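>>> Mind looking at a prediction? Sequence and model below.
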Amino acid sequence: MTATGERALIPPGRPVRVVGDVHGDATAFRHAVATDRFVIQLGDLVDHGPDSAAVLRIMFDLIDEGRGLFLLGNHDRKLGRALAGRKMRPDPPLEATLRQLQRDSALAERAFDEIARAPAWIVRGRTGFVHGGFHTGMLHQLPPPGLDRVTHLLSRALFGETTGRMQEDGFPERRLSWIDHIPAGFTVYCGHDQRSTDGRPWRKRGRAGGLAVFTDTGAGKGGHLAWIDLPADAEADEAGADAG
């Protein structure tokens, strides 16, 4: 199952390390990417943690060396739009990231360019990689440009699925019914929702037989950074999860 025309973003024959939301935790991210595996980071590189600028530098080094890529997360998209000069509502974590980038104009320019071309999802064989949530349309369509209009599929990729209600903390209430539509034998690796209670990725199998693996374990927000190692071609979960 590969969306028609999708280019080979992941080098064939390379084992993979899937890394969850980093949120500015450069120390943990540096530890996570100290591997010979190809790194797929699932989005939300920036905000909350102490050094989003350093995280971006690490990620861009991986890209330059052909050793990794990152998917578009909702926080990355916010940063890209802010760097494009869009008016943003007050957001202290984003504002802290922007202050860091003000000290390095070349890094800010590179950040905008990389965010603008980051894929919102990748489908490879029986495996999907996405930040927020899966939709069966991702099996057949390539992701649209991430900084343009938010389509239904892009919204699902960035934000998951919401009920339309707001929680007391001011964030949208999320639901996980999308998991029930993952096809049997298909695994989706995602971030965004911190569902883990033990510092390790959280797994849930849907009614159709597919599996969702949530990798956000709170990095940059007082928790750990989780990653999962997959064998070459990312067809199966090889090594469980490690936390840095």
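Thanks, I have it.
>>> Buried residues, stretch 91-109. List them.
Neighbour-count burial for stretch 91-109 flags Pro93, Leu94, Ala96, Thr97, Leu98, Gln100, Leu101, Leu107, Ala108 (criterion: 16 or more other C-beta atoms under 10 Å). Any C-beta I mention is one placed from the backbone N, CA and C, and that applies to glycine too.
>>> Pull the distance from it to the chain's centre.
20 Å (C-alpha atoms, centre = their mean, to the nearest Å).
>>> Extract the CA atoms of that stretch and return them as PDB.
Extracted in PDB, the C-alpha atoms of stretch 91-109 (Å, rounded to 0.1, in the frame of the first residue of the first chain):
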ATOM      1  CA  ASP A  91       1.400  31.300  22.100                       C
ATOM      2  CA  PRO A  92       4.300  31.400  24.600                       C
ATOM      3  CA  PRO A  93       6.000  28.100  23.400                       C
ATOM      4  CA  LEU A  94       6.000  29.300  19.800                       C
ATOM      5  CA  GLU A  95       7.200  32.800  20.900                       C
ATOM      6  CA  ALA A  96      10.100  31.200  22.800                       C
ATOM      7  CA  THR A  97      11.100  29.200  19.700                       C
ATOM      8  CA  LEU A  98      10.900  32.400  17.500                       C
ATOM      9  CA  ARG A  99      13.200  34.200  19.900                       C
ATOM     10  CA  GLN A 100      15.800  31.500  19.600                       C
ATOM     11  CA  LEU A 101      15.600  31.600  15.800                       C
ATOM     12  CA  GLN A 102      16.000  35.400  15.800                       C
ATOM     13  CA  ARG A 103      19.600  34.800  16.800                       C
ATOM     14  CA  ASP A 104      20.300  32.800  13.700                       C
ATOM     15  CA  SER A 105      18.700  34.100  10.500                       C
ATOM     16  CA  ALA A 106      20.100  31.300   8.400                       C
ATOM     17  CA  LEU A 107      18.600  28.700  10.600                       C
ATOM     18  CA  ALA A 108      15.200  30.500  10.500                       C
ATOM     19  CA  GLU A 109      15.300  30.500   6.700                       C
END
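>>> quick one, helices of this protein?
Taking DSSP state H, the helices of the chain run over residues 26-32, 52-64, 74-83, 92-102, 105-117, 152-159.
>>> got JSON lines for the buried residues of stretch 91-109, with distance to Ala54 too?
Compiled in JSON lines, these are given as follows (distance: C-beta to C-beta, whole Å):
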{"residue": "Pro93", "distance to Ala54": "15"}
{"residue": "Leu94", "distance to Ala54": "17"}
{"residue": "Ala96", "distance to Ala54": "13"}
{"residue": "Thr97", "distance to Ala54": "11"}
{"residue": "Leu98", "distance to Ala54": "15"}
{"residue": "Gln100", "distance to Ala54": "9"}
{"residue": "Leu101", "distance to Ala54": "11"}
{"residue": "Leu107", "distance to Ala54": "10"}
{"residue": "Ala108", "distance to Ala54": "14"}
